[in-house]
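Participant: Any chance you could fold what I've pasted below:
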Amino acid sequence: MAHNKLQGSIPESFGKLISFELLDLSNNNLSGPIPKSLEGLRYLKYFNISFNKLQGEIPTGGRFAKFTPQSFMQNDRLCGVSRLQFQPYKRSRFCSPNCFPRKPIKTTLRV
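Facilitator: Predicted coordinates:
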């Protein structure tokens, strides 16, 4: 589903598709938070939501504990676990007070 000019939010119902192994929603125009229901995708091996307009905290449960910063890059309003080194978004309503890591993410994509 990458590069399809998708708009809107990621549906909560995606969390019910527990047999998903790959979910690539990168390079679209998605907004809103990452649904916590996606933590239930126990077979998910690859996840990419980079290059969208998502906001809020990155879930930390389930398979999210294994994903790298490249899965989330270029979503300027995301914040989250310090392991991913995400910068808080201007201490706004998008992120809770416990969502304030130390350094901004710097990632170089290699092809």
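
Participant: quick one: Ala2 and Ser26 touch, right?
Facilitator: Yes - applying Cβ atoms under 8 Å as the test, Ala2 and Ser26 come out as touching, 4.6 Å apart. No exception for glycine: its C-beta is placed from N, CA and C like everyone else's.

Participant: which residues are in contact with both of the two?
Facilitator: Asn48 (Cβ atoms under 8 Å, 6 or more residues apart in numbering).

Participant: Those two: who's more crowded?
Facilitator: Ser26 (22 against 14; other Cβ atoms under 10 Å).

Participant: Poorly predicted segments of this protein, please.
Facilitator: Counting by pLDDT under 70, the low-confidence segments of the chain come to 81-111.

Participant: Can you classify Leu23 as helix, strand or coil?
Facilitator: Assigned by DSSP: H, G, I helix; E, B strand; the rest coil, the conformation of Leu23 is strand.

Participant: cool, and the one 3 residues further on?
Facilitator: Under three-state DSSP, the three-state class of Ser26 is coil.

Participant: shouldn't it be in contact with Ile49?
Facilitator: Yes - between Ser26 and Ile49 there is a contact under Cβ under 8 Å: 6.2 Å.

Participant: residue closest to the middle of the protein?
Facilitator: Phe72 (4.6 Å; Cα atoms, centre = their mean).

Participant: so how far is Ser50 from that one?
Facilitator: 6 Å (Cβ to Cβ, to the nearest Å).

Participant: Next: Asn4.
Facilitator: Taken as Cβ to Cβ, the span from Asn4 to Ser50 is 14 Å.

Participant: Distance-wise, check Ser31 relative to Glu39.
Facilitator: Computed as Cβ to Cβ, the Ser31 to Glu39 distance reads 20 Å.
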